[in-house]
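**Student:** Sequence and predicted structure below; questions after.
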Amino acid sequence: MAEKSLMKGNEALAEAAIRAGCKCFFGYPITPQTEISAYLSKRMPKVGGTFLQAESEVAAINMVYGCAGSGIRCMTSSSSPGISLKAEGISYIAGADLPCVIIDVVRGGPGLGGIQPSQADYWQITKGLAHGDFHVLVYAPSSVQEMADMVAKAFDMADEYRMPAIILADGLLGQMMEPVEFADEEIKMSDASNKPWAANGHKGQRKHNIINSLYLQPQELEDKVVERFKRYEDIKANHTMAVADYCDDADIVVVAYGSTARLAKSAVDAARKEGLKVGMFRPVTLWPFPEKELQEATKNAKKILTVEMSMGQMIHDVKLAVNCSKPVEFYGRTGGIIPAPADILKKIKEMGGNK
Amino acid sequence: MTNEFLLAGFGGQGILFAGKLLAYVGLYAGKEVSWLPSYGPEMRGGTCNCSVTVSDDPIGSPLILEPSELMVMNTPSFDKFIGTVKAGGMAFIDSTLVDGTSDRTDIKCFYIPATQLAADNGLKGMANIILTGKILKEIGLDDMAVIEKALQKVIPPKKANLLDANLNALKLGMNA
């Protein structure tokens, strides 16, 4: 394997997308994710792909819709306000059962907010992304290496289940550099040969495919949605991901995702050094939320602490997962402020972390 | 062993570049590393800073609020950050550009006229590298083979002709 080199999270993700067979990228610049576009604008033409800077986020997501319909692996990326603009298009893509990958490098909000790191898009991405009954796959990397690894995973899962997959990162992960190595040395071939539904031209050799999200007959629409939710159940049963550290004997389990999980892990390590029985649980898939894994990790715990770079959004999923069977407390900073490990440790001690 | 560097100055002084060099020296010395720039309005010409962690252990927070090693190349950064250095830590100060000295006795301060040294030695614009050389020397990450490899990596191909000058600046700093 090649020697590790240092890359920004945004660049590592972009390179990994190319190696995963992403052939088309449609984007529009916004801090703190612009390096993804900048990197792909140079790299994509060299591998015979298409890089296109659209006139707006709305245009970019609709280009993804068209491209995904032809069976080509494609991607767009943005940051919070830009994702809001893409919402309508994402609903159409979900409604048309098309695979694609969307990157959200979250910044502080609401409104134009700020440009510093945040996790305040959790509700938006995992729950109310746009109109209609649907879900998207959501992956939350917590290192530059995972920014690279998860984009390949996202493409594979999106294809398998014919649905959009989102990488939920934040400004910290996008901007920081860490060593990274790529699993795929070669660029994966991606074509529509294993996508019999693709509208990609067939020279009259088969019945034409129609890609559409409009169903005026209620029964037809209900059948479509119900069929989709059966796929969702399969994903929930088989494709949740999480990492648990020192949870077995923990009185308090700290739950955090993405870059915040690194900060929380520092606090948990410090607590363990002081002899406190504290565990760490990191959801890697945010939809589906790793409920079973969290139940298992907290079965001996007396309390749970959720740490987020927001006013507290994932905490609701944590409470649901444990069915409010034990107290779930919260610590967070928002607006672009990064929670300091020392402050998380202080909160752990306030909750009565015991030796 | 963990070194948490905070590098600060004006945009254009090579703060981020110096951080990248430190990170690559750490990487090639077999350590865990992270590099985090400030990416706000600073990038558009104001003050600029960069957090670099070099550690034997996996790195939690890449953001450094209390550095063990501080490098400052202007007075506003000196005023802002000198109080944040961990007790027992070190500060590397470009005394050509920074007015004043610290009265802290719990940290070690190196006042190096890096900008003046660069000008006197035909190394204009390399005050950042002179200070980096001093840092590497003081923390003991001073294997020249590793440092040279890191320099070759961080200097963009278009500027490969500046490798020797950068090496000279590093050595100048190490002996300062």
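**Tutor:** Happy to help now that I have it.
**Student:** would A:Tyr331 count as being in a strand?
**Tutor:** Yes - A:Tyr331: assigned to a strand according to DSSP: H, G, I helix; E, B strand; the rest coil.
**Student:** List the contacts of it.
**Tutor:** Applying CB atoms under 8 Å, 6 or more residues apart in numbering or on different chains, we find A:Tyr331 in contact with A:Leu305, A:Thr306, A:Val307, A:Pro339, A:Asp343, A:Ile344, A:Lys347. From N, CA and C alone the C-beta is placed, and that goes for glycine too.
**Student:** Could you check how far the nearest residue to A:Asp245 once chain neighbours are set aside is from B:Phe81?
**Tutor:** Counting by CB to CB, 6 or more residues apart in numbering or on different chains, A:Asp245 lies nearest to A:Met280, which is 4.4 Å off, once chain neighbours are set aside. Counting by CB to CB, to the nearest Å, the gap from A:Met280 to B:Phe81 is 30 Å.
**Student:** Settle it for me: which of these two has more neighbours?
**Tutor:** A:Met280 (25 against 21; other CB atoms under 10 Å in any protein chain shown).
**Student:** if I read this right, the more buried one contacts A:Tyr246, doesn't it?
**Tutor:** Yes - judged on CB atoms under 8 Å, A:Met280 makes contact with A:Tyr246 at a distance of 6.6 Å.
**Student:** tell me, what's touching the two both at once?
**Tutor:** With CB under 8 Å, 6+ apart, A:Met280 and A:Tyr246 have common neighbours A:Val268.
**Student:** Show me which residues of the stretch 101-250 of chain A are close to chain B?
**Tutor:** Counting by CB under 8 Å from any CB of the partner chain, the stretch 101-250 of chain A comes close to chain B at A:Ile115, A:Gln116, A:Gly171, A:Leu172, A:Gln175, A:Met176, A:Met177, A:Glu178, A:Pro179.
**Student:** Could you give the bridge partners of the residue nearest to A:Asp245?
**Tutor:** Under DSSP bridges, the beta-bridge partners of A:Met280 are A:Asp245, A:Val254.
**Student:** got a list of what it touches?
**Tutor:** A:Ala244, A:Asp245, A:Tyr246, A:Cys247, A:Val253, A:Val254, A:Ala256, A:Ala261, A:Ala264, A:Lys265, A:Val268.
**Student:** Now the element after the host helix or strand of A:Met157, going C-ward?
**Tutor:** Per DSSP states H and E, A:Met157 falls inside helix A:144-161. Once helix A:144-161 ends, the next helix or strand along the chain (criterion: DSSP H and E) is strand A:164-170.
**Student:** follow-up on the earlier one: ranking the contacts of A:Tyr331 by neighbours, who comes first?
**Tutor:** Of all the contacts of A:Tyr331, the highest neighbour tally under other CB under 10 Å goes to A:Val307, namely 30 neighbours.
**Student:** which SS state does that residue fall under?
**Tutor:** strand.
**Student:** So the spatially most central residue of chain B: helix, strand or coil?
**Tutor:** In chain B, the centroid-proximal residue (CA atoms, centre = their mean) is B:Thr132; its distance is 4.4 Å. With three-state DSSP as the basis, the three-state label of B:Thr132 is helix.
**Student:** pLDDT value on it, please?
**Tutor:** Looking at B:Thr132, its pLDDT is 98.
**Student:** Mind checking what secondary structure whichever residue of chain B sits closest to chain A has?
**Tutor:** Going by CB to the nearest CB, chain A is nearest to B:Gly60 of chain B, at 2.9 Å. Here B:Gly60 is coil, with the state taken from three-state DSSP.
**Student:** Now for it: which residues touch it?
**Tutor:** A:Arg262, A:Leu263, A:Lys265, A:Ser266, A:Asp269, A:Pro341.
**Student:** 10 Å - rerun?
**Tutor:** Residues near B:Gly60 by CB atoms under 10 Å, 6 or more residues apart in numbering or on different chains: A:259, A:261-270, A:341, B:34, B:53.
**Student:** Give the burial count for the residue lying closest to A:Ala301 once chain neighbours are set aside, as a bare number.
**Tutor:** In space, and not counting its chain neighbours, A:Ala301 is closest to A:Val253: 4.5 Å by CB to CB, 6+ apart. Neighbourhood size, A:Val253 [other CB under 10 Å]: 30.
**Student:** quick one, what contacts A:Val253?
**Tutor:** Contacts of A:Val253 by CB under 10 Å, 6+ apart are A:244-247, A:268, A:277-281, A:294, A:297-306, A:318, A:322, A:326, A:328.
**Student:** Quick one, which of those are buried?
**Tutor:** For these, a burial check counting by 16 or more other CB atoms under 10 Å in any protein chain shown picks out A:244-247, A:268, A:277-281, A:294, A:297-298, A:301, A:303-306, A:318, A:322, A:328.
**Student:** rewinding a little: from the contacts of B:Gly60, which land in helices?
**Tutor:** Counting by DSSP state H, the contacts of B:Gly60 place A:Ser259, A:Ala261, A:Arg262, A:Leu263, A:Ala264, A:Lys265, A:Ser266, A:Ala267, A:Val268, A:Asp269, A:Ala270, A:Pro341 in helices.
**Student:** possible to save these as a markdown table with pLDDT?
**Tutor:** Listed next are those as a markdown table, based on pLDDT from 0 to 100:
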| residue | pLDDT |
| --- | --- |
| A:Ser259 | 96 |
| A:Ala261 | 97 |
| A:Arg262 | 95 |
| A:Leu263 | 95 |
| A:Ala264 | 97 |
| A:Lys265 | 96 |
| A:Ser266 | 93 |
| A:Ala267 | 96 |
| A:Val268 | 96 |
| A:Asp269 | 95 |
| A:Ala270 | 94 |
| A:Pro341 | 93 |
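**Student:** Looking at the residues you listed, point me to the pair that's furthest apart.
**Tutor:** Farthest-apart pair in the ones in helices among the contacts of B:Gly60 is A:Ser259 and A:Ala270; separation 17.6 Å (CB to CB).
**Student:** From chain B, how far out is the residue of chain A most remote from its centre?
**Tutor:** The outermost residue of chain A relative to its centre, with distances by CA atoms, centre = their mean, is A:Gly204 at 39.1 Å. The spacing between A:Gly204 and chain B, counted by CB to the nearest CB, to the nearest Å, is 51 Å.
**Student:** can you tell me the helix or strand for that residue?
**Tutor:** Judged by DSSP H and E, A:Gly204 forms part of no helix or strand.
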